[in-house]
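*Asks:* here you go, sequence then predicted model.
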Amino acid sequence: MAVRQGSLLLLLWVSALSAQAPSATAAANGDAMVVCGQQVLTVGHADAGLELRRGDRVARLRLSILQGKGWATPQPCAEPPALTNGPERASAALSFAVAGDRRLELEATVQRDVPAVFVVSRLRRLGEPGDDYYYWSCDWATDRFASPEAAETPFDRAHWETLPARDWLWLPHGGAGLALLPTNTWGHGATQAAEVGCFIQALPRSVQVGRGDSHDASFGLAIVDEADGARACAAAAEAHGLPVVPTGPPVDYGQPAPDWLRSVEQYQLYYRPAAQWTDTVVMSTLARYPLILGSTPDKAALDRCHRAGIKVLHYVTYTCLLDTARQVAGGGQVYSEWTESIDHETRDLRDHPDWICLDADGQPQRDAWGKEHGHPGLLNTCLHQPGLREAALRQVKMLLELGFDGVFIDLAGPTPECHGKHHHPVPALTNTAAWEQLQADIYRLVKAYDPQRIVVQNTVTGIMGDHWRYCDAQMLEGRPFGYDSAEATATWAELNWLRLRQADAVRAGKVPIVLTALGKQPLDRVADAALYAYASARLAGCAWADNLSLDERAETRPLSIELAAVRLGAPHGPAERVGGVTVRRFERGLVVVNPGASPAEATVATDLAGALNDVGHGTVAAADGRVTLEMAPQSGRVVSAR
């Protein structure tokens with residue numbers, strides 16, 4: 001078999017490095033250095049800056065961490081680097097305080113057989129949960145790159161641009177090139193931003209981070225002479241599981257969810273007035289799904305669902321409530337979700353001014369969604385107030401007594417702080433901490449009533465590890481497509497991160513659920529988008545819903561009905577990568593995702609035989625224990641027994 005001369009030289013180059021032991025040392029000024037062959041990475045103790053050097057070639061990296069409306073810089077490292085030196089691997093770890101009660105934990109690693117350096121940064125929340133965003137920028141400037149897909153791809157430095165993650169990249173500059181092994185999206189800066197030749201984003205790009213959890217970035221770097229050097233780095237790194245995707249901290253998952261919930265593959269939302277929960281709607285639409293999250297306390301509607309075998313959770317939220325007097329005076333309408341909400345009269349902020357969350361100027365804080373949607377009376381609440389907490393628990397108890405199978409708690413993540421001078425029974429407690437305590441009380445109430453009843457939280461943008469002990473399921477809303485545009489809200493790397501991050505939760509019997517919005521997808525793309533979203537969720541062990549957005553269009557209603565009928569059953573092993581696609585097999589079918597920008601032919605092993613249902617594509621034949629699928633770019637396929 002012929003071998004290209006350049007490739008042979010690269011193999012010899014990589015092999016030569018195996019004789020050189022990696023090392024980690026500390027300088028007198030507190031900086032740390034990790035060395036692998038000619039690659040030397042220095043980690044600055046003053047500001048967490050990185051300097052990669054090979055001979056006279058240098059690439060410098062720095063962090064940009066969002067803090068309010070500006071950017072935070074890590075404070076100088078107060079402790080000497082923690083160094084680890086072994087025959088196969090060496091590393092240096094440093095820790096930096098960051099504004100916002102956060103800590104940056106930075107680790108640089110070198111591996112004997114891999115001619116690159118690897119960086120993991122963790123931005124950890126020490127106090128209250130909140131949203132985080134940060135990225136690494138590098139001064140290595142270029143106007144093109146090589147990747148596994150193309151020998152050379154130019155880009156326009158007239159503006160900033162974010163580009164998809166790839167297994168490896170090579171960015172040429174001045175007779176050499178920077179090999180980049182990213183785990184998420186990357187991109188380039190504009191010409192006028194000279195210090196940002198390229199940037200590397202955290203995984204995910206932004207996320208809601210729970211107390212004690214971290215927002216992480218991970219990547220590999222090397223200065224090499226040609227693109228084949230980057231390819232060799234990536235191959236050697238993959239053999240050692242590098243770069244790593246960091247895992248989260250230990251989590252107390254509490255008790256597992258009931259078996260019936262763990263078997264749910266699809267669910268739906270149905271927020272409609274009681275009059276629209278008719279026999280026809282229940283039997284023709286809602287009965288396709290085993291679980292509905294709804295907003296009507298109508299007993300007759302609930303009984304219809306139960307007769308059809310549907311479990312129903314009632315929507316509740318307590319971080320914002322309506323002041324009906326303010327709503328009407330401001331020109332808004334008192335909407336049906338409020339008037340039909342059980343016991344709503346006792347939660348009207350018109351009668352409870354002490355329940356209103358006040359800002360730093362002592363003014364009522366309007367709910368952000370209410371501002372955007374014409375609800376001047378929708379106000380944030382002070383969760384410290386005993387009366388509000390009693391009203392919340394009373395409503396939940398009434399819903400359970402009515403026969404609901406549990407509650408769906410919206411806006412379960414961090415909530416605005418209350419600066420009011422009114423009484424806070426525990427002044428040191430934040431509004432978010434008070435809200436978390438109330439959610440734990442709701443969970444205890446539901447489980448005391450019946451262990452088979454459940455609590456689902458909508459944590460919206462990030463699953464909160466420390467919430468698992470007081471809920472059965474957590475929702476990620478608007479993934480991988482949202483309400484505002486057809487553009488994806490999550491990269492493939494971020495969807496894969498969700499799978500890895502929540503694997504322990506699924507094993508512990510908890511249920512992550514995903515809500516996808518497909519209303520903005522064009523008709524020529526919506527089927528691929530829907531199957532991509534569904535298959536991605538099932539790869540991760542998540543239940544999936546689309547808020548009936550497929551059902552709302554006559555053109556896509558047949559796909560909605562066909563997809564709702566799929567019952568894949570228990571998984572047969574974890575997701576696995578097969579060529580350029582990712583596959584997971586189940587008891588009665590399989591899902592496949594092609595995350596790439598090019599079409600792919602996927603040949604997948606299966607225990608199923610004969611003609612199989614290829615959702616949205618007719619049928620596909622299993623021959624010799626395999627099925628072959630021609631897949632569009634960024635698409636999914638769902639294959640099931642007929």
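*Replies:* In hand now; what should we look at? Numbers count the residues shown, from 1 in each chain.

*Asks:* name the single longest helix found in the protein.
*Replies:* helix 431-449 (DSSP state H).

*Asks:* number of nearby residues for the residue nearest to residue 153 when sequence neighbours are not counted?
*Replies:* Using Cβ to Cβ, 6 or more residues apart in numbering and skipping residues adjacent in sequence, the residue nearest residue 153 is residue 145, 5.6 Å away. The C-beta positions use only the backbone N, C-alpha and C, and glycine is treated the same way. Using other Cβ atoms under 10 Å, residue 145 has 24 neighbouring residues.

*Asks:* quick one, what contacts residue 145?
*Replies:* Taking Cβ atoms under 8 Å, 6 or more residues apart in numbering, we find residue 145 in contact with 152-153, 155, 169-172.

*Asks:* secondary structure class for it?
*Replies:* At residue 145 the chain is in strand, as set by DSSP: H, G, I helix; E, B strand; the rest coil.

*Asks:* show the pLDDT at it.
*Replies:* pLDDT, residue 145: 96.

*Asks:* got it, and residue 14?
*Replies:* On the pLDDT scale, residue 14 gets 50.

*Asks:* same question, residue 248
*Replies:* Reported pLDDT for residue 248: 88.

*Asks:* how about the one 4 residues further on?
*Replies:* Each residue has a pLDDT score; the one for residue 252 is 97.

*Asks:* so how far is residue 212 from it?
*Replies:* 11 Å (Cβ to Cβ, to the nearest Å).

*Asks:* quick check: neighbours shared by those two?
*Replies:* Counting by Cβ under 8 Å, 6+ apart, the residues touching both residue 252 and residue 212 are residue 466.

*Asks:* tell me which of the two has more neighbours.
*Replies:* Between residue 252 and residue 212, counted using other Cβ under 10 Å, residue 212 has the larger neighbour count: 16 against 10.

*Asks:* need the helices for the stretch 501-642 of the chain, in chain order.
*Replies:* 503-507, 523-539, 557-564 (DSSP state H, counting those that start in this stretch).

*Asks:* let's have these in CSV, adding distance to residue 74, mean neighbour count and mean pLDDT.
*Replies:* What follows is the helices of the stretch 501-642 of the chain, written out as CSV (distance: least, Cβ to Cβ, whole Å; neighbours: other Cβ atoms under 10 Å; pLDDT from 0 to 100):
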stretch, distance to residue 74, mean neighbour count, mean pLDDT
helix 503-507, 29, 16, 96
helix 523-539, 34, 22, 98
helix 557-564, 47, 17, 98
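
*Asks:* adding distance to residue 112, write those out as CSV.
*Replies:* Output for the helices of the stretch 501-642 of the chain, formatted as CSV (distance: least, Cβ to Cβ, whole Å):
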stretch, distance to residue 112
helix 503-507, 29
helix 523-539, 33
helix 557-564, 49
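
*Asks:* between those helices, which one is nearest to residue 117?
*Replies:* Checking the helices of the stretch 501-642 of the chain against residue 117 by Cβ to Cβ gives helix 503-507 as the closest, at 27.9 Å.

*Asks:* who's in contact with that closest one?
*Replies:* 251, 253, 463, 468, 512, 540-541, 574.

*Asks:* farthest pair in these?
*Replies:* 468 and 574 (20.2 Å).

*Asks:* nearest to residue 635, out of the helices of the stretch 501-642 of the chain?
*Replies:* Using Cβ to Cβ, the helices of the stretch 501-642 of the chain put helix 523-539 closest to residue 635, at 4.0 Å.

*Asks:* just the angle between that closest one and helix 557-564, please?
*Replies:* 10 degrees (axes from the mean of the first three to the mean of the last three Cα atoms, to 10 degrees).

*Asks:* report all helices and strands that helix 523-539 contacts.
*Replies:* Helix 523-539 sits against helix 492-501, strand 511-515, strand 543-545, helix 557-564, strand 581-586, strand 589-594, strand 635-640, with contacts defined as 3 or more Cβ pairs under 8 Å, 6 or more residues apart in numbering; DSSP states H and E.

*Asks:* okay, these in TSV with distance to residue 455 next?
*Replies:* Output for these, formatted as TSV (distance: least, Cβ to Cβ, whole Å):
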stretch	distance to residue 455
helix 492-501	21
strand 511-515	11
strand 543-545	15
helix 557-564	25
strand 581-586	27
strand 589-594	28
strand 635-640	29
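
*Asks:* so which of those gets nearest residue 281?
*Replies:* The closest of the helices and strands packed on helix 523-539 to residue 281 is helix 557-564. By Cβ to Cβ, the value is 13.9 Å.

*Asks:* contacting residues for the closest residue in space to residue 174 that isn't next to it in sequence?
*Replies:* In this structure, residue 174 finds its nearest non-sequential neighbour in residue 57, 7.5 Å apart by Cβ to Cβ, 6+ apart. Shown in contact with residue 57 (Cβ under 8 Å, 6+ apart): 174, 176, 223.

*Asks:* narrow the residues you listed to just the buried residues.
*Replies:* Buried residues within those, counting neighbours by 16 or more other Cβ atoms under 10 Å: 176, 223.

*Asks:* mind checking which of the contacts of residue 57 land in strands?
*Replies:* 176, 223 (DSSP state E).

*Asks:* let me know the closest of the contacts of residue 57 to residue 85.
*Replies:* residue 223 (22.9 Å).

*Asks:* hmm, that closest one is touching residue 176, no?
*Replies:* Yes. Residue 223 sits in contact with residue 176 when judged by Cβ atoms under 8 Å, with a separation of 5.7 Å.

*Asks:* okay, and the common contacts of the two?
*Replies:* Both residue 223 and residue 176 are in contact with 54, 57, where contact means Cβ under 8 Å, 6+ apart.

*Asks:* which residue ranges of the stretch 201-350 of the chain form strands?
*Replies:* 214-224, 268-270, 291-294, 311-316, 320-322 (DSSP state E, counting those that start in this stretch).

*Asks:* which other helices and strands contact the third one?
*Replies:* Judged by 3+ Cβ pairs under 8 Å, 6+ apart, the packing partners of strand 291-294 are strand 268-270, strand 311-316.

*Asks:* any chance of those strands in TSV with distance to residue 106 and mean neighbour count as columns?
*Replies:* Converted to TSV, these look like this (distance: least, Cβ to Cβ, whole Å; neighbours: other Cβ atoms under 10 Å):
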stretch	distance to residue 106	mean neighbour count
strand 268-270	41	21
strand 311-316	41	22
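
*Asks:* of all those strands, which one is nearest residue 593?
*Replies:* strand 268-270 (22.2 Å).

*Asks:* low-confidence ranges, the stretch 51-200 of the chain, go.
*Replies:* By pLDDT under 70, the weakly predicted segments of the stretch 51-200 of the chain are 192-194.

*Asks:* may I see the buried residues of stretch 248-259?
*Replies:* So, applying 16+ other Cβ under 10 Å, buried residues of stretch 248-259: 248, 251, 253-254, 257-258.
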